[in-house]
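Student: Here you go, sequence then predicted model.
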Amino acid sequence: MAAPIPPPKSTSLTDVTRGRDRAAWLGLVPRQATTGGRPKLAGITKRGSKYLRKMLIQGARSAMPTLRQSETQLGQWLRGLLAKAHTNTAVVALAAKMAQIVWALLRHGRVYQAAAIAA
């Protein structure tokens, strides 16, 4: 993505402990709370940056054809998802996964390296 993206309102990466929480903050997945060891899903709130959410979804939609054909773990996950879910659902799920990957890379100071599937 080459579009300029404004920083999120919450600038600290340490205020969120998991990438899924950041994706929930962006409004890509339902917020999750655990009570008694049982996960409970809350509604999807659009609290985060509308622009960032839009850019992640557009980026996921444009990356989908390439990722669908790639022999990476992400490509395998996407093909499995597309076999059982609607394309638009898969796009939002891919955007959420991309948000989680970006969060992890920024938090741990690493560079993304796509791993090929072991044959």
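Tutor: Arrived safely, thanks for sending. Numbers count the residues shown, from 1 in each chain.
Student: Check Lys40 and give its pLDDT.
Tutor: On pLDDT, Lys40 comes in at 65.
Student: Same question for Arg79.
Tutor: So, for Arg79, pLDDT stands at 95.
Student: Which residue, neighbours along the chain excluded, lies closest to it?
Tutor: For Arg79, ignoring the flanking residues on the chain, the nearest one in space by Cβ to Cβ, 6 or more residues apart in numbering is Arg68 at 6.2 Å. From N, CA and C alone the C-beta is placed, and that goes for glycine too.
Student: hang on, the one you found in a strand?
Tutor: No: assigned with DSSP: H, G, I helix; E, B strand; the rest coil, Arg68 falls outside any strand and is helix.
Student: I'd guessed it sits against Gly75; true?
Tutor: Yes: Arg68 lies in contact with Gly75 (Cβ atoms under 8 Å); the separation is 6.5 Å.
Student: More neighbours: which of the two?
Tutor: In this view Arg68 and Gly75 are compared by other Cβ atoms under 10 Å, and Gly75 has more residues nearby, 17 against 14.
Student: residues in contact with that one?
Tutor: Applying Cβ atoms under 8 Å, 6 or more residues apart in numbering, we find Gly75 in contact with Leu67, Arg68, Gln69.
Student: 6 Å instead, please
Tutor: Residues counted as contacts of Gly75 (Cβ atoms under 6 Å, 6 or more residues apart in numbering) are Leu67.
Student: so which strand or helix has it?
Tutor: helix 73-84 (DSSP states H and E).
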